[in-house]
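Quick one: sequence plus predicted model below, questions after.
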2 protein chains.
Amino acid sequence: MPVIRRQAAASSLPQVKDVARLARVSTATVSRVLSGIGGVSENLVLRVRRAAERLNYAPNRAARSLRVRRAQSIGIIVPDIENPFFTSVMCGADGVLQDAGYTMIVANLDENPEREQVHLNTIRGEGVAGVIFTPTIAQAADYRTLQDCGVPLVAVSRRPHNLNVDFVGVTNEDGSKEAVEHLIALGHRRIAFVGGAAKVSSTQDRLAGYRRAMAEAGFDADSDLILFGDLRQSGGYEAMLRILELPQQPTAIFSGTNFTTLGLLRAIHEKGIRIPEEMAMVGFDDMPWAGSLQPPLTSVAQPTNEIGRVAAQLLLARLRDPKRPLEEVTLPTTLIVRASCGATRHLDMVRSRK
Amino acid sequence: MPVIRRQAAASSLPQVKDVARLARVSTATVSRVLSGIGGVSENLVLRVRRAAERLNYAPNRAARSLRVRRAQSIGIIVPDIENPFFTSVMCGADGVLQDAGYTMIVANLDENPEREQVHLNTIRGEGVAGVIFTPTIAQAADYRTLQDCGVPLVAVSRRPHNLNVDFVGVTNEDGSKEAVEHLIALGHRRIAFVGGAAKVSSTQDRLAGYRRAMAEAGFDADSDLILFGDLRQSGGYEAMLRILELPQQPTAIFSGTNFTTLGLLRAIHEKGIRIPEEMAMVGFDDMPWAGSLQPPLTSVAQPTNEIGRVAAQLLLARLRDPKRPLEEVTLPTTLIVRASCGATRHLDMVRSRK
DNA sequence: ATGAAAGCGCTAACAT
DNA sequence: ATGTTAGCGCTTTCAT
């Protein structure tokens, strides 16, 4: 015998069947019109469109996701949502994704790797159509679980280990080399490298650029002068304190990432060290306010918005054609010369410190 | 007669029924255990938990959303995802929401009000459990559509017009007054106010604080000295150019929002004006690098993370109890004195410019 | 070109 | 305390 059920409260939202009734067509036709499949007479298309508009119809995305077994959303996993590099990347991706009708589910790891697993499970449960992420420390297996569900992944900024994914990066090594060569051209010989997280590919590539520049100039890359912080300001701050305790000080510092640079600056200001006279400086990552820093920062700028845009485009391309070959895009960096490197001063002044 | 249907490809994801089978219970029991309703024997709870873990089960959130007619996600609508104020708020909200099992759907208006309507429709379609937003220009009706669907709203930073929602703000007026009084105490009489977007409540409150400080000190608030930019650096930059064309220059500027401050600074640096000697400055909004700016910026700091946290908590509270009275939380600002206001110099030097 | 209806995976009402 | 099963709103197959 049939079970008697309480009727759920009618949704205040219009549904396909409301649109269908108003347009005097079937729900199938409404769906066909609104998803733009085609194969519907012009007449009905018009009626359906009008009805949908009249009712201010917004399709229930959960129902759609359930039916097509894939959500119209993509997950963005960022190590730190407060880092301007990542927000700028997100902003670039957002524009592209929004135009394609995707929503953006943002997972902030907040430099807290335990969160990664939780987030990945949630994202798997969301049935997102794809994921844009920046690899943190150890995870390949977790991301592979997503891949096994057929969710395409695009890595940004850091090259993931043991994971076949599309990738968007920049000329980390050449950009760093150019920056260090610039310092060398200004007369510096003892140049420190302060990287962000030591193990990520971007840091290693930037270190490689530093080493190449030093080697080609015939200078020692004194291992005392190679330090690592993390991705917060504190890492740079502490690195600077360590540098100040060195028996033989560098005359210049190349900083491998934005927050490290800010941390270094903070320590330098606290100690009253003058830039660039006592310490010259170039930092990887430009920031919208880099020109208003004390002093204006010479930096290696990444095309951050473009990185996000390309990442989103790669994802959409793969959604369209899952079989396409893996793609790896490397975008160019730009050395922006401001005052912190000392390029605007006489070389003698820079060198006088030795 | 029954219609023959093509079987959809079996999902590679485990489902409730897989967990149920493995645990030798019904799907209802699995659901009860995993959603923590209670009323299940300890024995079965254990078996279900174990089975779910073994299968690495992640519930299909779309199916759940469809069934309970509400997603486990909340929408965050921000005017500009690249503005550190909003990212910091998002970060605070994220922590709370994540712990409560919600995902965060981020909609970036990118200062583009047309996008707002599109985003609101999408968010309505997502069936989010709630929305945290910062009102932009004109919208009340659009947001009301959401409210009519029973989606609770929390406004952040700017008070929305004609909309009954929970609200998290800061002591804009008192914070600004304190900042301007600080400048007055340093001997300034001609103090300019450069606000962000003129029409939003936060700008107006900050202007009110400026006016009160000036009035109480018995100074004119010369209307020439009250300017507005927008929420990008360019607004501040252009405002500074206008200030420089004034017949009688101010000796100090109080800037109403972070990007405006950076824009002002950029113009000031370009013109080679010395801060604070030729122009003293205090800005609303602290930034993690405010101490590394040129010169270190005296600012009115908002507890940005806390704002986000409180917003999320208000939302969760209302989800628990939709009937609770509307709440309005005002968090305190803090004046952080650094060098840009000239507090570290002699008064005579500041005043000497007149 | 259009419509009827099954079924996506979950939850909760109802039955036991 | 546990199980059975309808149905959330959509898309899509199949039938016409």
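Perfect, I can see it now.

Which pLDDT value goes with A:S12?
Model confidence at A:S12, given as pLDDT, is 73.

go on, the one 3 residues further on?
As predicted, A:Q15 sits at a pLDDT of 95.

Quick check: closest non-adjacent residue to it.
A:N60 (7.1 Å; C-beta to C-beta, 6 or more residues apart in numbering or on different chains). Where you see a C-beta, it was placed from the backbone N, CA and C, and this is true even at glycine.

Next up, the contacts around A:L225.
The contact partners of A:L225, taken as C-beta atoms under 8 Å, 6 or more residues apart in numbering or on different chains, are A:190-193, A:246, A:250.

Stretch A:241-257 close to chain B?
No - Stretch A:241-257 does not reach chain B (C-beta under 8 Å from any C-beta of the partner chain); its nearest approach is 12.3 Å.

quick one: buried residues of that stretch?
Using 16 or more other C-beta atoms under 10 Å in any protein chain shown as the test for burial, stretch A:241-257 gives A:243, A:249-257.

can you list the weak-confidence ranges in chain A?
Residue ranges of chain A with pLDDT under 70: A:1-11, A:138-139, A:345-354.

how about the strands in it?
A:73-78, A:103-108, A:130-133, A:153-156, A:166-170, A:191-195, A:226-228, A:252-255, A:280-284, A:298-301, A:328-331, A:334-336 (DSSP state E).

can you tell if the fourth one touches chain B?
In this case it means strand A:153-156. No - in terms of C-beta under 8 Å from any C-beta, no part of strand A:153-156 sits within range of chain B; the closest distance is 15.6 Å.

and that strand, what does it pack onto?
strand A:130-133, helix A:140-148, strand A:166-170, helix A:304-320 (3 or more C-beta pairs under 8 Å, 6 or more residues apart in numbering or on different chains; DSSP states H and E).

The fifth one too?
Strand A:166-170 makes packing contacts with strand A:153-156, helix A:304-320, strand A:328-331 when contacts are defined by 3+ C-beta pairs under 8 Å, 6+ apart.

rerun that using 10 Å as the cut-off
strand A:130-133, strand A:153-156, helix A:201-217, helix A:304-320, strand A:328-331 (3 or more C-beta pairs under 10 Å, 6 or more residues apart in numbering or on different chains; DSSP states H and E).

The closest residue to A:T334 other than its chain neighbours and B:A301, how far apart?
In space, and not counting its chain neighbours, A:T334 is closest to A:A301: 4.7 Å by C-beta to C-beta, 6+ apart. The gap separating A:A301 from B:A301 is 28 Å, by C-beta to C-beta, to the nearest Å.

Let me see the contact set for A:R242.
Counting by C-beta atoms under 10 Å, 6 or more residues apart in numbering or on different chains, A:R242 touches A:192, A:194, A:224, A:227, A:229, A:267.

and which of those residues is nearest chain B?
Chain B has its nearest neighbour among those in A:A267, at 9.9 Å by C-beta to the nearest C-beta.

distance of the closest residue to the closest one other than its chain neighbours from B:R124?
Leaving out its chain neighbours, the residue that sits closest to A:A267 by C-beta to C-beta, 6+ apart is A:M240, at 3.5 Å. Here A:M240 is placed at a distance of 50 Å from B:R124 (C-beta to C-beta).

What residues does the stretch 151-300 of chain A have near DNA strand C?
Counting by C-beta under 7 Å from any atom of the strand, no residue of the stretch 151-300 of chain A lies close to DNA strand C.

Can you give me the separation between whichever residue of the stretch 151-300 of chain A sits closest to DNA strand C and chain B?
With C-beta to the nearest atom of the strand as the measure, A:V151 is the residue of the stretch 151-300 of chain A nearest to DNA strand C, at 14.5 Å. Separation of A:V151 from chain B (C-beta to the nearest C-beta, to the nearest Å) stands at 10 Å.

Could you do A:V118 as well?
For A:V118, the distance to chain B - C-beta to the nearest C-beta - is 8 Å.
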